[in-house]
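**Q** Give me the fold of what follows.
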Amino acid sequence: MFLVRAAFWLSLVVLLLPADPQTGTKAPSVSAIEALSAARATFVDLSAFCGRNAGVCATGSNAFELFSQKVRYGVHMLEDYFQRDNGSADTLKRQDMQVPWHGGKQDRSA
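**A** A predicted model of the protein is given here:
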């Protein structure tokens, strides 16, 4: 249903864009009322789609559920990857982290 709504709104945005004047062909005129009437009829027809094609909707629902499970698993894998220390935590010893002494400047004026 999300894809149908997204397609509807995207189509509405495209309809509101101006046509390219360089095409040379006259664009067919469609009034706003005609466009809304056609969109409403399309929405009513698509909302009754599952009533007419129950098997297709069941298969689509199962495919969407599988897809969402895979997305959740992939996100979980990414979280684990970025939260794990990758074996690099606590490998330095205290003496490795100490800055070596280089000696101070000696005062040679005395």
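**Q** Quick one: mean pLDDT for the longest helix seen in the chain?
**A** Longest helix in the chain, counting residues (DSSP state H): helix 54-83. Average pLDDT, helix 54-83: 88.
**Q** What helices and strands are in contact with the next helix or strand after that helix?
**A** Per DSSP states H and E, the first helix or strand lying C-terminal to helix 54-83 is helix 94-97. If you count contacts as 3 or more CB pairs under 8 Å, 6 or more residues apart in numbering; DSSP states H and E, helix 94-97 packs onto no helix or strand. The way it works is simple: take the backbone N, C-alpha and C, and place the C-beta from them, glycine included.
**Q** Just the CA trace of helix 94-97, in CSV.
**A** Provided in CSV are the C-alpha atoms of helix 94-97 (Å, rounded to 0.1, in the frame of the first residue of the first chain):
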residue,chain,number,x,y,z
ARG,A,94,50.7,0.5,29.6
GLN,A,95,54.3,0.9,28.5
ASP,A,96,53.3,1.1,24.9
MET,A,97,51.1,4.1,25.6
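**Q** now that helix: how far from the chain's centre is it?
**A** 44 Å (CA atoms, centre = their mean, to the nearest Å).
**Q** buried stuff in it?
**A** Buried residues in helix 94-97, counted by 16 or more other CB atoms under 10 Å: none are found.
**Q** Quick one: residues contacting L46.
**A** V4 (CB atoms under 8 Å, 6 or more residues apart in numbering).
**Q** element containing it?
**A** helix 32-47.
**Q** Mind giving me the packing neighbours of the helix or strand following that helix?
**A** Counting by DSSP H and E, the next helix or strand C-terminal to helix 32-47 is helix 49-52. Applying 3+ CB pairs under 8 Å, 6+ apart, we find helix 49-52 packed against helix 54-83.
**Q** re earlier: which elements pack onto the longest helix of the chain?
**A** helix 49-52.
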